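> Here's my sequence, what's the structure:
(one chain, ligands or ions: 1)
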Amino acid sequence: MTGRFITFEGGEGAGKSTQIERLQRRLSGLDFKVIATREPGGSPQAEKIRSFILGGEAKHMGPFAEALLFTAARIDHIDTVIIPALANGVHVLCDRFADSTKVYQGISGQVSRSLIESLEQVALKSLRPDMTFILDLPAEIGLSRAGERQAGKGERADRFEQEDIAFHRALREGFLAIAKEAPDRCVVIDATQDPDDVERAIWTALQNRLPDFAGTRVSHVA
Ligand code: Z5A
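Reported below is the predicted structural model:
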């Protein structure tokens, strides 16, 4: 594998999509080969599973069944998109990955840690993100941002956005706990800052952590 696998995690409306788009633009501008993808989804088969889950059709089956569906989608995404890209020297920026299953289904959904770890083992095999950005902000701010974005696009809240505030606060704590457990992989970014400052913090951390990106220009902010 010569490409780097970089994942973005956090609660609703944390700014992951915004920052992935900015980082992809920056890396492309520096002549790196890079793709942006997302979970659940990212491949045609996984996108079908995404619609099923986020449409709420699996909710009544419970968090373990949802964890199985996220895992099935992940296996297809890894096999058909992520591994081929990394093997071709393409950097992969992924909007959510296995940490989301740990937090949403594991911590908030109370699926046992051993089950979640077994699923992760089956899906990921030896694949691990080289780096994970955890965009951190209070749940209330994230939900309000997500709500404004949906109102602007005329969309409805999805399966997880409909959960109560306690659920969303637990998510935040869950992501911060993962960052504590895996400090070599994870960097927590203060996502309450304005988008340019978030972008700058991400780029600085990426350059500091991954030698592939060290020494490239730091100054430009989109
Ligand atoms: N899920 C799961 O349960 N288990 C799993 O294993 C996986 C996922 C992989 C996917 O939904 C859902 O699946 C997710 C977890 C669950 N829960 N939900 N809902 P999704 O992909 O549709 O949604 P999301 O991942 O939560 O992303 P999001 O809500 O679209 O947010 P975002 O990508 O982090 O934020 P954004 O779209 O970049 O920004 C949101 C708005 O805020 C937008 O209007 C921006 O212009 C604005 N924004 C962005 N940055 C800023 C700053 N810095 N300041 C002010 N405003 C900003």
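
> Under the pLDDT cut-off, which ranges of the protein? List them.
Applying pLDDT under 70 to the chain flags the ranges 217-222.

> mind running it again at 50?
Scanning the chain for pLDDT under 50 picks out 219-222.

> Now the residue nearest the centre of it. Nearest residue, chain neighbours left out?
When Cα atoms, centre = their mean is applied to the chain, the residue found nearest the centroid is residue 96 (1.8 Å). Once flanking residues are discounted, residue 96 sits nearest to residue 39: 4.5 Å by Cβ to Cβ, 6 or more residues apart in numbering. To be clear about C-beta, it is placed using only N, CA and C from the backbone, and glycine gets the same treatment.

> Return the residues in contact with the residue nearest to the centre of the chain.
The contact partners of residue 96, by Cβ atoms under 8 Å, 6 or more residues apart in numbering, come to 7-9, 16, 38-40.

> Same question for residue 110.
Per Cβ under 8 Å, 6+ apart, neighbours of residue 110: residue 63.

> In which helix or strand does residue 72 reside?
helix 63-77 (DSSP states H and E).

> Name the residues of that helix that come out as buried.
Buried positions in helix 63-77, judged by neighbour count with 16 or more other Cβ atoms under 10 Å: 63-64, 66-77.

> hmm, who's touching stretch 164-173?
11-12, 103-104, 107-108, 136-140, 142-143.

> From the chain's centroid, how far away is it?
Centroid separation for stretch 164-173 versus its chain: 17 Å, with Cα atoms, centre = their mean, to the nearest Å.

> Show me what the helix holding residue 72 packs onto, helices and strands only.
helix 44-54, helix 113-124 (3 or more Cβ pairs under 8 Å, 6 or more residues apart in numbering; DSSP states H and E).

> what's the closest of these to the ligand?
helix 44-54 (6.0 Å; Cβ to the nearest ligand atom).

> Ramachandran angles for residue 5?
Main-chain torsions, residue 5, degrees, to the nearest 10: phi -110, psi 110.

> That one: what's it in contact with?
82, 86, 91-92, 94, 127-130.

> Recalculate using a threshold of 10 Å.
Contact analysis of residue 5 by Cβ atoms under 10 Å, 6 or more residues apart in numbering lists 78, 82-83, 85-86, 91-94, 97, 127-132.

> Check residue 193 too.
Here residue 193 is in contact with 15, 137, 199-201 (Cβ under 10 Å, 6+ apart).

> Try it again at 8 Å.
Taking Cβ under 8 Å, 6+ apart, one finds residue 201 in contact with residue 193.

> Kindly report the same for residue 13.
Residue 13 neighbours (Cβ under 8 Å, 6+ apart): 137, 141-147, 149.

> Next: residue 56.
Residue 56 touches 158-159, 162, counting by Cβ under 8 Å, 6+ apart.

> Which of the residues you listed sits closest to the ligand?
For those, the nearest to the ligand is residue 158 (4.8 Å; Cβ to the nearest ligand atom).

> Can you give me the distance of the closest one to residue 1?
The gap separating residue 158 from residue 1 is 32 Å, by Cβ to Cβ, to the nearest Å.

> Could you do residue 149 as well?
34 Å.

> same deal with residue 14?
On the measure of Cβ to Cβ, residue 14 and residue 1 end up 27 Å apart.
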